[in-house]
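Asks: Task: produce atomic coordinates for the following.
(one chain, ligands or ions: 1)
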Amino acid sequence: MTALAPSPRATRGAAISLQSVTRRFGTTVALDGVDLRIPAGSLTAIVGPSGCGKSTLLRLLAGLERADEGRLIADGSDLSTHPLGTRDLAMVFQDYALFPRMSVERNISFGLRLARRHDRRSGPDPRFIDAEVARMADLFGLQGLLRRRPDQLSGGQRQRVALARAVIRNPSLLLLDEPLSALDVALRASARAEILRLHRDLGTTLVLVTHDQQEALSMATELVVMNAGRIVQAGTPDQVYRRPASRFVAGFVGAPAMNLFATPDGGTRGWRPHDARLLRGGALAAPGSLEVAGVVDVCEYTGSGQEIICRDAEGVPFTLVQHEGEEWLRAGDAVRVEVPAAAVHDFAPDGSRVGG
Ligand SMILES: Nc1ncnc2c1ncn2[C@@H]1O[C@H](COP(=O)(O)OP(=O)(O)OP(=O)(O)O)[C@@H](O)[C@H]1O
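Replies: Numbering: from 1, shown residues only. Below you'll find the model as predicted:
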């Protein structure tokens with residue numbers, strides 16, 4: 001019982017747009033004139049430092065917050081006047097928000113049982129509900145836990161129940177607030193794969209808030225970077241990674257982080273550790289490329305290679321990466337690297353990107 005055909009309840013994903021949305025809490029401006037288009041069927045990941053407004057944006061999409069200014073449009077209708085119905089929308093909160101006195105089975109099937117109570121003729125029948133619960137239990141590894149109550153589960157198990165409860169309803173908009181943060185590595189990988197499969201099979205529009213930018217880069221079709229209540233860049237993960245629009249985005253997206261150096265004019269020059277190539281012996285840098293020299297400070301083994309923290313002649317730290325099979329650098333080694341001109345990013349004193 002793993003691959004039921006997409007249910008006829010499934011609709012295509014909703015297209016959402018925010019127009020000049022502002023949300024204030026007292027003097028705090030949580031969202032500051034946000035314009036954003038979330039394409040139908042996209043998997044949009046929202047990343048940004050703590051307090052930048054990610055959860056507020058998600059809660060706004062869920063209808064749990066109202067905009068003080070601006071408009072929120074879904075499939076052409078204004079959500080402030082026609083909020084999305086509960087069948088079209090599901091949200092998984094950071095704190096799961098499970099029903100404490102219901103069993104896991106009851107929690108997961110809640111939405112379907114509600115639909116049946118509302119409409120016994122076209123609502124899902126009990127056998128379908130049982131089959132769907134069993135499918136969710138399989139997908140999220142909840143077999144054997146269906147009779148328990150939430151307080152008898154670990155944090156990770158609770159999170160999986162919350163995901164199953166949201167996913168079982170095949171919503172056209174699924175909002176996930178840090179859904180994978182409490183899972184261990186193995187479960188995280190399978191839950192991530194399940195979310196991607198769900199997204200692919202049902203065409204649900206999925207909006208995901210995460211602290212884990214690697215998760216965002218690997219899962220998202222659209223990546224939205226926020227800072228201080230504003231959207232500072234939105235695009236495909238590839239666009240954001242390769243052409244960060246500002247110094248802030250350059251430093252925030254990508255792991256290890258981009259190496260950034262102050263330039264004499266007050267701007268910043270950056271390059272990613274993965275774009276640097278070691279120059280061994282007396283090897284010359286290719287014409288036009290950037291050459292950087294330094295001394296290895298610390299080496300950190302990562303399993304598939306090592307990350308190396310170096311310092312240049314001015315003491316500015318920069319990171320290099322080495323992969324398995326290379327001759328390992330060690331603390332105290334002198335290093336020279338070249339960075340192709342196309343991989344060098346320049347930012348003006350105001351932080352904006354310079355050139356292409
Ligand atoms: N109900 C509220 N009352 C007062 N201030 C709030 C409220 N909700 C959010 N804020 C403030 O609005 C700003 C944005 O909060 P939000 O929770 O959206 O940030 P976030 O990016 O999700 O943060 P985190 O990553 O830490 O969860 C913060 O300064 C926060 O303190």
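Asks: pLDDT score assigned to Q94?
Replies: Note on Q94: pLDDT of 71.
Asks: For the closest residue to P124 other than its chain neighbours, grab the count of nearby residues.
Replies: In space, and not counting its chain neighbours, P124 is closest to L112: 4.9 Å by CB to CB, 6 or more residues apart in numbering. Using the backbone N, CA and C atoms, a C-beta is placed for each residue, glycine as well. Neighbour count of L112, defined by other CB atoms under 10 Å: 22.
Asks: ditto for G355
Replies: Neighbour count for G355, taken as other CB under 10 Å: 8.
Asks: Show the pLDDT at it.
Replies: 82.
Asks: Could you do I38 as well?
Replies: pLDDT, I38: 95.
Asks: which residues does the spatially closest residue to F93 that is not a sequence neighbour contact?
Replies: The shortest distance from F93 to any non-neighbouring residue, by CB to CB, 6+ apart, is to D177 (5.4 Å). The contact partners of D177, taken as CB atoms under 8 Å, 6 or more residues apart in numbering, are 55, 58, 91-94, 209.
Asks: Surely L174 is in contact with L206?
Replies: Yes: in this structure L174 lies within contact range of L206 using CB atoms under 8 Å: 4.8 Å.
Asks: Pull up the overlap in contacts between those two.
Replies: L198.
Asks: In terms of neighbours, single out the busier of those two.
Replies: Using other CB under 10 Å, the more surrounded residue of L174 and L206 is L174, with 28 against 25.
Asks: and the more buried one, what is it in contact with?
Replies: 89-92, 166-167, 198, 204-207.
Asks: Kindly state the beta-bridge partners for it.
Replies: In this entry, L174 is beta-bridged to A90, L206, by DSSP bridges.
Asks: What residues does the residue of the stretch 251-356 of the chain found nearest the ligand make contact with?
Replies: Of all residues in the stretch 251-356 of the chain, F252 sits closest to the ligand, at 12.6 Å by CB to the nearest ligand atom. For F252, the contact set (CB under 8 Å, 6+ apart) comprises 47-49, 213, 225, 227.
Asks: For ChimeraX, what selects the buried ones among those?
Replies: Entered in ChimeraX, the line below selects the buried ones among those, by 16 or more other CB atoms under 10 Å:
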select :47,48,213,225,227
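Asks: So of the contacts of F252, which two are at opposite extremes in space?
Replies: Among these, the pair separated by the greatest distance (CB to CB) is Q213 and N227, at 13.2 Å.
Asks: among the contacts of D177, which are in strands?
Replies: 91-92, 209 (DSSP state E).
Asks: For my notes, please list those residues in JSON lines and give distance to S77 and neighbour count for each entry.
Replies: Output for the ones in strands among the contacts of D177, formatted as JSON lines (distance: CB to CB, whole Å; neighbours: other CB atoms under 10 Å):
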{"residue": "M91", "distance to S77": "19", "neighbour count": "21"}
{"residue": "V92", "distance to S77": "24", "neighbour count": "24"}
{"residue": "V209", "distance to S77": "24", "neighbour count": "23"}
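Asks: Output those of the contacts of D177 also counted as contacts of the ligand.
Replies: Restricting the contacts of D177 to those touching the ligand (CB under 6 Å from any ligand atom) yields S55.
Asks: Which one of the contacts of D177 is nearest to the ligand?
Replies: In terms of CB to the nearest ligand atom, no member of the contacts of D177 lies closer to the ligand than S55, at 3.2 Å.
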